[in-house]
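Q: Sequence isn't available, so here's the structure alone:
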């Protein structure tokens with residue numbers, strides 16, 4: 001890692017001047033998807049979970065979050081581009097005043113130029129593409145759909161054209177789920193996306209082993225195997241690519257010492273420093289109002305919660321080392337399902 005002098009602690013909040021300060025909401029349209037990724041969190045969703053959100057309810061959600069002060073709006077799935085009313089939902093968000101409107105997508109439908117033109121013209125300002133391999137064999141194996149790699153590459157090429165023409169002012173990025181099948185190829189994936197595909201923003205997220213990946217040691221590598229590759233990727237970006245590169249899902253104690261001691265590097269590369277404060281609205285089997293796990297409010301069949309709080313207090317575990325760690329206020333912890341697979345050895349208090 002580049003040599004850095006230790007910086008003073010950041011305090012109780014992850015302040016970063018690079019962070020977009022707009023409050024963000026992500027609305028889940030349903031769990032229907034046209035891919036079958038081997039690490040999918042949803043696994044085999046029930047029929048009712050795959051059903052799409054009624055458009056009247058979608059508009060009500062959009063209005064409610066805008067009235068609460070949110071100005072960034074995102075759509076999640078499943079796969080949001082399969083939602084029959086996705087273009088109308090984007091247009092409605094723009095109409096009532098959202099200034100940042102994004103989708104997280106596998107992008108296979110975005111290879112269809114007429115559809116891409118419609119959703120961009122409706123007001124979409126950012127696209128995050130889930131793509132996890134730099135070759136057809138790796139991408140298609142991970143998503144379990146033959147031909148996916150070429151479809152996504154075609155989508156990226158067209159989106160680059162549209163961005164050059166002035167669309168997507170809030171960016172076009174790649175989101176890689178780093179897992180046991182692809183982490184060794186991270187430097188090659190960077191070269192592919194930055195150079196071959198002419199992109200300038202990559203986010204990697206360490207696998208959350210739920211759904212299909214629950215209990216899988218093959219898909220869930222140990223941190224001590226992955227961190228040297230992450231370190232190489234950061235060095236490549238510092239001295240060669242010089243693009244936007246961020247990571248998420250790595251507890252601070254597993255990171256190289258030079259990285260975790262430098263607030264400058266952490267703010268540049270650690271995604272938790274840069275992510276928008278995000279509330280979520282997803283389908284829920286529970287109805288009525290109330291608190292669930294202390295962080296989730298249920299209302300009208302929708303579960304509403306803050307994503308950062310949900311991760312820290314509900315989805316992540318805290319090894320014993322966290323009790324005496326000087327940076328426990330900043331670190332969210334470790335995915336609980338990772339601890340179920342590998343235990344809490346290897347985590348040390350800072």
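A: Yes, it's here. Only a predicted model underlies this, so the values are computations on that prediction, with no experimental measurement involved. Numbers count the residues shown, from 1 in each chain.
Q: do you know how far residue 271 is from residue 173?
A: 11 Å (Cβ to Cβ, to the nearest Å). Glycine gets a C-beta too; all of them are placed from N, C-alpha and C.
Q: which residues do those two both contact?
A: Here residue 271 and residue 173 have residue 203 as joint contacts, going by Cβ atoms under 8 Å, 6 or more residues apart in numbering.
Q: and residue 174, that one's in a helix?
A: No - using DSSP: H, G, I helix; E, B strand; the rest coil, the assignment for residue 174 is strand, not a helix.
Q: from memory it sits against residue 193, does it?
A: Yes - under the criterion of Cβ atoms under 8 Å, residue 174 makes contact with residue 193 at 5.2 Å.
Q: Now for those two: what residues contact both?
A: Common neighbours of residue 174 and residue 193, counting by Cβ under 8 Å, 6+ apart, are 131, 199, 202.
Q: from those residues, which is closest to residue 162?
A: residue 199 (13.3 Å; Cβ to Cβ).
Q: Okay, the closest residue to that closest one other than its chain neighbours and residue 202: tell me how far apart.
A: Spatial nearest neighbour of residue 199, excluding adjacent residues (Cβ to Cβ, 6 or more residues apart in numbering): residue 193 at 4.8 Å. According to Cβ to Cβ, residue 193 and residue 202 sit 6 Å apart.
Q: quick one, phi psi at residue 277?
A: Main-chain torsions, residue 277, degrees, to the nearest 10: phi -60, psi 120.
Q: and what of residue 40?
A: Main-chain dihedrals, residue 40, degrees, to the nearest 10: phi -60, psi 130.
Q: which helices and strands sit right next to the longest helix along the chain?
A: If you go by DSSP state H, the chain has its longest helix at helix 148-164. For helix 148-164, the elements it packs on are helix 113-122, strand 126-130, helix 136-143, strand 172-178, judged by 3 or more Cβ pairs under 8 Å, 6 or more residues apart in numbering; DSSP states H and E.
Q: buried residues in that helix?
A: When burial is assessed from 16 or more other Cβ atoms under 10 Å, helix 148-164 yields the following buried residues: 148-149, 151-156, 158-159, 162-163.
Q: ok and that helix relative to helix 136-143, angle-wise?
A: Here helix 148-164 runs at an angle of 100 degrees relative to helix 136-143 (axes from the mean of the first three to the mean of the last three Cα atoms, to 10 degrees).
Q: I'd like the helices and strands packed on helix 148-164 laid out as CSV, including mean neighbour count and distance to residue 318.
A: Formatted as CSV, the helices and strands packed on helix 148-164 follow (neighbours: other Cβ atoms under 10 Å; distance: least, Cβ to Cβ, whole Å):
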stretch, mean neighbour count, distance to residue 318
helix 113-122, 16, 40
strand 126-130, 21, 28
helix 136-143, 19, 30
strand 172-178, 22, 22
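Q: Let's have these in TSV, adding distance to residue 26 and mean pLDDT.
A: Formatted as TSV, those follow (distance: least, Cβ to Cβ, whole Å; pLDDT from 0 to 100):
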stretch	distance to residue 26	mean pLDDT
helix 113-122	17	98
strand 126-130	11	98
helix 136-143	21	97
strand 172-178	13	98
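Q: want to try JSON lines for these, with distance to residue 42 as columns?
A: Shown next, in JSON lines, are the helices and strands packed on helix 148-164 (distance: least, Cβ to Cβ, whole Å):
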{"stretch": "helix 113-122", "distance to residue 42": "23"}
{"stretch": "strand 126-130", "distance to residue 42": "13"}
{"stretch": "helix 136-143", "distance to residue 42": "14"}
{"stretch": "strand 172-178", "distance to residue 42": "13"}
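Q: Of the ones you listed, give the one that comes closest to residue 251.
A: Closest to residue 251 of those is strand 172-178 (Cβ to Cβ; 14.3 Å).
Q: which residues touch residue 280?
A: 25-28, 76, 303-307, 310.
Q: top of the residues you listed by neighbour count?
A: Neighbours here mean other Cβ atoms under 10 Å. Within those, the largest count is held by residue 25, at 28 neighbours.
Q: For the closest residue to that one other than its chain neighbours, give its distance to residue 91.
A: Nearest residue to residue 25 in three dimensions, chain neighbours excluded: residue 65, at 4.3 Å (Cβ to Cβ, 6+ apart). Note on residue 65: its distance to residue 91, by Cβ to Cβ, is 16 Å.
Q: So for those two, which sits in the more crowded spot?
A: Ranked by neighbour count (other Cβ under 10 Å), residue 65 and residue 91 place residue 65 first, with 24 against 17.
Q: After the helix or strand containing that one, heading C-terminal, what element do we hit next?
A: Element membership for residue 65 (DSSP states H and E) is helix 55-67. Going down the chain from helix 55-67, the next helix or strand is strand 72-76, by DSSP H and E.
Q: Just checking: what are the partner strands of that following strand?
A: strand 24-28 (parallel), strand 100-105 (parallel) (DSSP bridges).
Q: can you list contacts of the first one?
A: Residues external to strand 24-28 that are found in contact with it (Cβ under 8 Å, 6+ apart): 53, 58, 61-62, 65, 70, 72-78, 100, 104, 276-283, 307.
Q: again, but for the longest one
A: Surrounding strand 100-105, the residues in contact under the criterion Cβ under 8 Å, 6+ apart are 20, 22, 24, 26, 71-77, 79-81, 86, 90, 93-94, 119, 123-130, 170, 175.
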